[in-house]
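>>> Fold the following for me, if possible:
(one chain, ligands or ions: 1)
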Amino acid sequence: MKCGTCSGSCPSGRVVAFRTRALVEARATGTIDYDDPSLWYCTTCYTCMERCPRSIDITDEILHIREEAYRLGKVLEPHKAVLTYIWKTGHAVPINDAVREKRVRLGLSEEPPTTHRHADALAVVRALMEEEGVTNE
Ligand code: SF4
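Numbers count the residues shown, from 1 in each chain. The predicted structure is shown next:
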């Protein structure tokens, strides 16, 4: 159909060289370029998917393409760093001292009830990552 609703709706496409429609077409024709860094420019906001008149699961497909890229060892460094944070802490954005202080000021526990407080949960996160072939390498 190539209506372009996905590209026209994409907030990332407004600021970086990322064209959702081109990626959808590359998927359909089997011509994905896994070396193209723009694969990683999607913010996974799901706007394209919500607006697609053909109900194509665009965002989910982008995530599948990224999984394939990861398995080929083609991940941008910032995304690798996020995986390392998740591996080490269970969070993509781990807590820091400033947030700890704010939590205490608000009457909350210093550490949130997540992997920060439960080391056993971090082991589960790592097991899930390993099951998906993600390691801390
Ligand atoms: S999910 Fe990704 S591709 Fe779709 S509109 Fe949002 S940023 Fe663009």
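>>> how much space between residue 4 and the ligand?
Remark: distance between residue 4 and the ligand (Cβ to the nearest ligand atom, to the nearest Å) = 12 Å. For every residue, glycine as well, the C-beta is placed using N, CA and C.
>>> Tell me where the chain has helices.
Secondary structure of the chain by DSSP state H: the helices cover 5-9, 20-29, 47-51, 58-71, 77-89, 97-105, 119-131.
>>> Nearest to residue 35, out of those?
helix 58-71 (8.7 Å; Cβ to Cβ).
>>> Please could you give me each C-alpha atom of that closest one, formatted as PDB?
Output of helix 58-71 as PDB, limited to C-alpha atoms (Å, rounded to 0.1, in the frame of the first residue of the first chain):
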ATOM      1  CA  ILE A  58       5.500  -2.400  12.700                       C
ATOM      2  CA  THR A  59       7.100  -1.700  16.000                       C
ATOM      3  CA  ASP A  60       7.100  -5.400  17.000                       C
ATOM      4  CA  GLU A  61       8.700  -6.200  13.700                       C
ATOM      5  CA  ILE A  62      11.400  -3.500  14.300                       C
ATOM      6  CA  LEU A  63      12.100  -5.200  17.600                       C
ATOM      7  CA  HIS A  64      12.400  -8.600  15.800                       C
ATOM      8  CA  ILE A  65      14.900  -7.100  13.300                       C
ATOM      9  CA  ARG A  66      16.900  -5.700  16.200                       C
ATOM     10  CA  GLU A  67      17.000  -9.200  17.800                       C
ATOM     11  CA  GLU A  68      18.300 -10.500  14.500                       C
ATOM     12  CA  ALA A  69      20.900  -7.700  14.300                       C
ATOM     13  CA  TYR A  70      22.000  -8.500  17.900                       C
ATOM     14  CA  ARG A  71      22.400 -12.200  17.100                       C
END
